[in-house]
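In: coords below, sequence missing:
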């Protein structure tokens, strides 16, 4: 039997000195009966400490929980596993509290279980404001170095707002986390940061005006980043697949599709960046097995950038009107097809250790410096793409091939590079 408990305090006054003891007692009673606690609409509850929500539903539509002035919040204000939180506004009261000084303190909500959990944590219609550190954190006690070993820990964070914190939502070594329909803005660091988790779904969120990347997934497996708007994030990319630490398995089997990434990056970053480069092995491409499909990346420094990411398909994206490149690949075994890259300085750029790419038909006209710029510095690293002629610029490896994009009887069907170097030596494969 589920019992219902209502915490309806201070009918005469909108704000009281400290509601912590009353809230703790109400939560304890509800936990013993698998109960639901309702906070009264229109009330502001002033609280301090850590409140265990394990096994409880806490509903607070149109209610506010505000951290008491002068305290240092050492953990999560509300934390536990197998809980549901609905509708509550949580004011971390940054202006009147003390910075805990570490990422494990000062959280509004902390979903945690040392070995994971099986009953889902649900956070829906919640508002988190004014925090020093992370707004919402989800974590297990796992020490896994490969996301495939992350323990079961299902979470749904839905239709939730986070503003004015350092990070919006963070996950650490989880399985089956879904972050959907949330609005995250004004972080000093990342909006959403997903670390070494598997089967994460980041769906339909709006992440804007963060001081670093909008959305990051590092060392994940089977991550889906779909239908998000990641715009005006000044210190990083809109979306980022990251990595770099050699002791962790790199991100694999990820997909980025249907996102809008506009006005990100300042002077360096892109709408979408994929960079699993391993420290100490900076020129070694990392197998990624990822797809970047149907995204709109405009008004960034570059539209899409892949660095040291092997086996990536980049298809059907709009990468127009960026400050430098539409698409840049500094990787190997990437496939580019059906992308629109106009109104940039260069349409498509391949450089550094790029190689073994397949470049299909892309709309790369109308860029101020040209359709393609190529600088392949690894000897005998072939690239295949379509154009109306053999290359006039760039550094090419033996075996690179240009397929005639306007074939007709009597014209070459393709050209092949037989001598590497700047421009290289190109030989017709024969006329049609």
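Out: Perfect, I can see it now. In this text the structure is predicted, and so the values were computed from the model without any measurement.
In: so where's the stretch 1-150 of the chain shaky on pLDDT?
Out: Low-confidence segments of the stretch 1-150 of the chain (pLDDT under 70): 1-16.
In: can you give me the helices in it?
Out: Using DSSP state H, counting those that start in this stretch, the helices of the stretch 1-150 of the chain run over 20-32.
In: hang on, residue 70 packs against residue 46?
Out: No. Using C-beta atoms under 8 Å, residue 70 is not in contact with residue 46; the gap is 11.2 Å. (Each C-beta comes from the backbone N, C-alpha and C, glycine too.)
In: more neighbours: the two, which one.
Out: The neighbour count for residue 70 versus residue 46, taken as other C-beta atoms under 10 Å, is higher for residue 46 (21 against 10).
In: mind listing the residues bridging to that one?
Out: Using DSSP bridges, the bridge partners assigned to residue 46 are residue 66.
In: quick one: the strands in the stretch 301-432 of the chain, in order.
Out: Taking DSSP state E, counting those that start in this stretch as the criterion, the stretch 301-432 of the chain carries its strands at 302-315, 325-337, 346-352, 357-359, 370-376, 383-387, 395-396, 401-404, 414-419, 421-422, 425-428.
In: export those strands to a markdown table and tack on mean pLDDT and mean neighbour count?
Out: Putting those into a markdown table (pLDDT from 0 to 100; neighbours: other C-beta atoms under 10 Å) gives the following:
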| stretch | mean pLDDT | mean neighbour count |
| --- | --- | --- |
| strand 302-315 | 95 | 25 |
| strand 325-337 | 90 | 24 |
| strand 346-352 | 81 | 23 |
| strand 357-359 | 78 | 22 |
| strand 370-376 | 68 | 20 |
| strand 383-387 | 73 | 21 |
| strand 395-396 | 72 | 21 |
| strand 401-404 | 85 | 20 |
| strand 414-419 | 90 | 17 |
| strand 421-422 | 78 | 10 |
| strand 425-428 | 92 | 14 |
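In: backbone phi and psi for residue 235, please?
Out: The phi and psi values for residue 235, taken as degrees, to the nearest 10, are phi -100, psi 10.
In: can you name the residues that contact it?
Out: 210-213, 266, 269 (C-beta atoms under 8 Å, 6 or more residues apart in numbering).
In: turn the strands of the stretch 301-432 of the chain into TSV, including distance to residue 110.
Out: Listed next are the strands of the stretch 301-432 of the chain as TSV, based on distance: least, C-beta to C-beta, whole Å:
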stretch	distance to residue 110
strand 302-315	32
strand 325-337	37
strand 346-352	41
strand 357-359	44
strand 370-376	47
strand 383-387	48
strand 395-396	52
strand 401-404	54
strand 414-419	56
strand 421-422	56
strand 425-428	60
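In: tell me which of those strands approaches residue 190 most closely.
Out: strand 302-315 (17.4 Å; C-beta to C-beta).
In: which strands and helices sit next to that closest one?
Out: Packing partners of strand 302-315 (3 or more C-beta pairs under 8 Å, 6 or more residues apart in numbering; DSSP states H and E): strand 270-274, strand 286-293, strand 325-337.
In: which one of these lies nearest to residue 150?
Out: Closest among the helices and strands packed on strand 302-315, using C-beta to C-beta: strand 286-293, at 18.1 Å.
In: strand partners of that closest one, parallel vs antiparallel please.
Out: According to DSSP bridges, strand 286-293 has the following sheet partners: strand 255-257 (parallel), strand 302-315 (parallel).
In: so which elements touch the helix or strand just after it?
Out: Sequence order places strand 296-298 as the next helix or strand after strand 286-293, per DSSP states H and E. Counting contacts by 3+ C-beta pairs under 8 Å, 6+ apart, strand 296-298 packs against strand 260-262, strand 270-274.
In: measure how buried the closest residue to residue 297 other than its chain neighbours is and give me the count.
Out: Spatial nearest neighbour of residue 297, excluding adjacent residues (C-beta to C-beta, 6 or more residues apart in numbering): residue 271 at 3.0 Å. Burial of residue 271 is recorded as 34 neighbouring residues (other C-beta under 10 Å).
In: need the pLDDT of residue 271.
Out: Confidence at residue 271, expressed as pLDDT, is 97.
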